[in-house]
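Undergrad: no FASTA, just this:
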C-alpha cells in the first residue's frame, strides 16, 4: 500500500501509530468489514483512513472459506493445512479459486468509497515458496502459472494480487478526496 500511495502527497501511517485502536469484530461481508475497519481508524485518527478485508474462495468448497478465511484456522500454517485437507482427493482441474479483496476509504465524517479486486487461480496440492503470507504458498495465480503466490517477486505479486487491484481501483476516490 505504501508503494502504491508513494506518488500522492500523503503520509501513510500504520496501525502501530494508533495503539489504542480497537478494530471491530468481522462479520460476513467483505465490504462491510473493510468499511468498519477504516471507519474505526478514521475516527481514532481524525484523518482519511483505508481498510480492507479479503479471503480465498474455493470453487470445490462452494466459495468457502471466503469472508471467513482468517478464521479458518489458528494461524497461517493451520489454515493452509485445513484447506489442503478439505481438498484432499479433488482433481487439479477442480481446484479453482480466487483471492478477493474489498478496499475501503473512509473520511473522518464517515463518508466512504469501496473497490474490489480479485486474483483468479487454483489451490495447489502442497505449499511452495517462502514469500508472502496467509494462503500464498498454496495458491497459484492463473497469470503466473507454475509459481505459487509465495514464489513470486514482490513487484509481480503486487501487480497480480487482489489487494493491489482493489487499492488501485480505489485510488481515484482517494485522489478526489485529496483534490487531485
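TA: Nice, thanks for sending it over. None of these values were measured; they are calculated from a predicted model.
Undergrad: how about the helices in the protein?
TA: Ranges of helices in the chain, per DSSP state H, are 2-5, 30-45, 76-86, 154-160, 162-177.
Undergrad: Just name the most buried of these.
TA: Of all the helices of the chain, helix 30-45 has the most neighbours on average by mean count of other Cβ atoms under 10 Å, namely a mean of 21. Backbone N, C-alpha and C define where each C-beta goes, glycine included.
Undergrad: would you turn the helices of the chain into JSON lines with mean pLDDT and distance to residue 17?
TA: Shown next, in JSON lines, are the helices of the chain (pLDDT from 0 to 100; distance: least, Cβ to Cβ, whole Å):
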{"stretch": "helix 2-5", "mean pLDDT": "84", "distance to residue 17": "13"}
{"stretch": "helix 30-45", "mean pLDDT": "96", "distance to residue 17": "8"}
{"stretch": "helix 76-86", "mean pLDDT": "97", "distance to residue 17": "25"}
{"stretch": "helix 154-160", "mean pLDDT": "94", "distance to residue 17": "23"}
{"stretch": "helix 162-177", "mean pLDDT": "96", "distance to residue 17": "19"}
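Undergrad: what is the residue most central in space within the chain paired to in the beta sheet?
TA: By Cα atoms, centre = their mean, the chain has its centre lying nearest to residue 54, at 3.9 Å. Note on residue 54: beta-bridge partners by DSSP bridges are residue 101.
Undergrad: Return the distance of it relative to residue 92.
TA: As judged by Cβ to Cβ, to the nearest Å, residue 54 and residue 92 stand 24 Å apart.
Undergrad: same thing with residue 110?
TA: Residue 110 is 46 Å from residue 92, by Cβ to Cβ.
Undergrad: what do you get for residue 101?
TA: From residue 101 to residue 92 the distance is 25 Å (Cβ to Cβ).
Undergrad: Looking at the two now, which is surrounded by more residues?
TA: residue 101 (23 against 11; other Cβ atoms under 10 Å).
Undergrad: my read: the more buried one touches residue 169, true?
TA: No: contact between residue 101 and residue 169 fails when scored by Cβ atoms under 8 Å: they sit 9.7 Å apart.
Undergrad: Now do the shared contacts for these two.
TA: In terms of Cβ atoms under 8 Å, 6 or more residues apart in numbering, residue 101 and residue 169 are both contacted by the residues 116, 117.
Undergrad: what packs against the helix or strand bottoming out on mean pLDDT in the chain?
TA: The helix or strand of the chain with the lowest confidence, counting by mean pLDDT, DSSP states H and E, is helix 2-5 at a mean of 84. On a contact count with 3 or more Cβ pairs under 8 Å, 6 or more residues apart in numbering; DSSP states H and E, helix 2-5 meets helix 162-177.
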